[in-house]
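Chemist: Any chance you could fold what I've pasted below:
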Amino acid sequence: MKVELFDYDLPREMIAERPAAPRDAAKLLVLRGDAPEDRVVSDLPDLLLPGDVLVCNDTKVIPARLNGRRGTAGVQVTLHLQRALDCWAAFARPARKLKVGDRIDFAEGFSAEVTAKGEAGEVELHFNAAGAALLDLLHAHGRMPLPPYIESRRASGAGADERDRTDYQTLFAEREGAVAAPTAGLHFTPGLLARLEARGIRRVMLTLHVGAGTFLPVKVADTEAHRMHAEWGEITPAAAAAIAAAREAGGRLVAVGTTALRLLETAADATGKIQPFSGETRLFITPGYAFKAVELLLSNFHLPRSTLLMLVAAFVGRERILAAYEHAKTHGYRFYSYGDATLLWRAGR
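Modeler: Next comes the predicted model:
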């Protein structure tokens, strides 16, 4: 499909700089019929049914953005996929001047060697620390990797601050490894979780370590030419069994975020049953994709021409989602990672 079919205009002032307070006070655009409904996230228990199963992503964002020096030249890197305990794929700026064998110094005793170069500013870095020691150094010297559209909205283009270390994590965050937040999960509060549980709505966790590739625009003219970046995920046997039990009892599968949906669809067999899974996924969902498992999707608003907008267009229909976005624009919704949410019923359900 032509990428231009997924374009829309958005006034810059509609991009949220900070999350709603409290989190579940965010607006919620509900799309289950022909006309969008304007609700708030705290209405979620009333919009779901007892027995439904929410599938949430328990990945935890690490401070994956580092400023360093190659000799006297400044370099910024954003890690996006861990390849070994001491090795990450990363996006570098400026990448064109980096060469294999170059050393980047981030702090005293903290450096990495460029061991490979790829396309679109991607490099492979081998660090002088591994595992928990490397994570400690990232927490000491790294910044939260906020999307560029948030950083550009901050005063003087300021990047992430201390508040973002908590704001840019979900309540479910447990397993470190993501370099972008699964933003649909940012809307939950302890009170909302308690009300969902009291309503008889179950919750199951999976892990998908969201990569920085989620920020990259689709630069090709046709979706068939786009290469998805890999992301690592896991659905444990216990999680797969819990999902199966809920569905056998008549519950619907509600994905909290496009990250959860992509992993669920990756792990679903031909009958729609979720199988245990551990590994990388490059699943690229565009209109025409036959969904096997997920029936409802809680998601934020997504960038024009992005793979995530293509995914939700596949889920509910391209014209319907673009019309819903226009409705959101005229009704004061806040967009993107720190913005408001949508609750989508799969087309035909």
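Chemist: contacts and neighbour counts: CA atoms only from here.
Modeler: OK.
Chemist: Kindly list the longest strand within this protein.
Modeler: Determined from DSSP state E, the single longest strand within the chain is strand 73-84.
Chemist: Please work out which residues outside the helix or strand following it touch it.
Modeler: Moving toward the C-terminus from strand 73-84, the next helix or strand (DSSP states H and E) is strand 87-93. Contacts of strand 87-93 from elsewhere in the structure, counted by C-alpha atoms under 8 Å, 6 or more residues apart in numbering, are 75-83, 120-127, 130.
Chemist: Please indicate which of those are buried?
Modeler: Using 16 or more other C-alpha atoms under 10 Å as the burial test, the contacts of strand 87-93 include 75-82, 122-127 as buried.
Chemist: Pull the number of nearby residues for Thr307.
Modeler: Per other C-alpha atoms under 10 Å, the neighbour tally for Thr307 reads 25.
Chemist: What of the one 10 residues further on?
Modeler: Gly317 has 16 neighbouring residues, counting by other C-alpha under 10 Å.
Chemist: quick one: it and Ala347 touch, right?
Modeler: Yes - counting by C-alpha atoms under 8 Å, Gly317 does reach Ala347; the two are 6.8 Å apart.
Chemist: now the helices: where do they sit in the stretch 151-300 of the chain?
Modeler: Across the stretch 151-300 of the chain, reading from the start of the chain, the helices by DSSP state H, counting those that start in this stretch fall at 164-167, 190-198, 237-248, 258-267.
Chemist: So which of the ones you listed is nearest Leu135?
Modeler: Closest approach to Leu135 among the helices of the stretch 151-300 of the chain (C-alpha to C-alpha): helix 164-167, 14.6 Å.
Chemist: any idea of the mean pLDDT in the closest one?
Modeler: The predicted model assigns helix 164-167 a mean pLDDT of 93.
Chemist: still on that earlier bit, can you list the neighbours in contact with the longest strand of the chain?
Modeler: For strand 73-84, contacts defined as C-alpha under 8 Å, 6+ apart pick out 64-69, 88-94, 104, 145, 177-179, 210-213, 230-232.
Chemist: Swap in 7 Å and give it another go.
Modeler: For strand 73-84, the surrounding residues in contact (C-alpha atoms under 7 Å, 6 or more residues apart in numbering) are 64-69, 88-94, 179, 211-213, 231.
Chemist: of those residues, buried ones?
Modeler: In terms of neighbour count (16+ other C-alpha under 10 Å), the buried residues within those are 64-68, 88-93, 179, 211-213, 231.
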